[in-house]
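Student: Provided below are the primary sequence and the corresponding predicted coordinates.
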Amino acid sequence: MIDPNEALQKMLQSPGLSLTVFPPTSRYYGIETAVLETADGEKIIYLKRRFVPSPERFELLQEHVVTQGQRLDNITAQYLGDPEQFWRICDANRAMRPEELEEFGRRLRITLPEGIPGIPDA
């Protein structure tokens, strides 16, 4: 079995690394890398911190009330068309861990991506 940390390290150390290592749909797209040199000279490449935007920066499309047994990936697929975009719903609802949003009765904000304005009221 491949160690995920080792796999990430190998990917980040690939020659010609750029900010486009992650696809545009990834929460890590555009995040810069940095290098940490240990006391014994080993260089460790890592992703810099990703700051989660304030939910107020997202334009609300609608809300969803979680029903018994609903999973966030299925909710995300329903509203955003891609279950791997669950992180967008996490960002819009101030959740650090996706499982926080799967609580029965929880009201979730379904939003546009950060910086995308909604259609003004007519």
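Tutor: Structure received.

Student: neighbours around Arg50, how many?
Tutor: For Arg50, the neighbour count with other C-beta atoms under 10 Å is 13. Any C-beta I mention is one placed from the backbone N, CA and C, and that applies to glycine too.

Student: Pro23 now?
Tutor: Pro23: 9 neighbours (other C-beta under 10 Å).

Student: doesn't Gly30 make contact with it?
Tutor: No: judged on C-beta atoms under 8 Å, Pro23 makes no contact with Gly30 at a distance of 10.8 Å.

Student: Any stretches of this structure with poor pLDDT?
Tutor: 1-20, 120-122 (pLDDT under 70).

Student: Do you have the strands of it handy? List them.
Tutor: With strands called from DSSP state E, the chain shows them at 33-37, 43-47, 60-65, 107-111.

Student: Please tell me how far the residue of the chain most remote from its centre sits from Gly105.
Tutor: Residue farthest from the centre of the chain, counting by C-alpha atoms, centre = their mean, is Asp40 at 33.7 Å. Noted for Asp40: a distance of 52 Å to Gly105, by C-beta to C-beta, to the nearest Å.

Student: from the strands of the chain, which stretch is densest packed?
Tutor: strand 107-111 (a mean of 18; mean count of other C-beta atoms under 10 Å).

Student: could the strands of the chain be laid out in a markdown table, adding distance to Ser54?
Tutor: Below are the strands of the chain laid out as a markdown table (distance: least, C-beta to C-beta, whole Å):
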| stretch | distance to Ser54 |
| --- | --- |
| strand 33-37 | 25 |
| strand 43-47 | 21 |
| strand 60-65 | 13 |
| strand 107-111 | 12 |
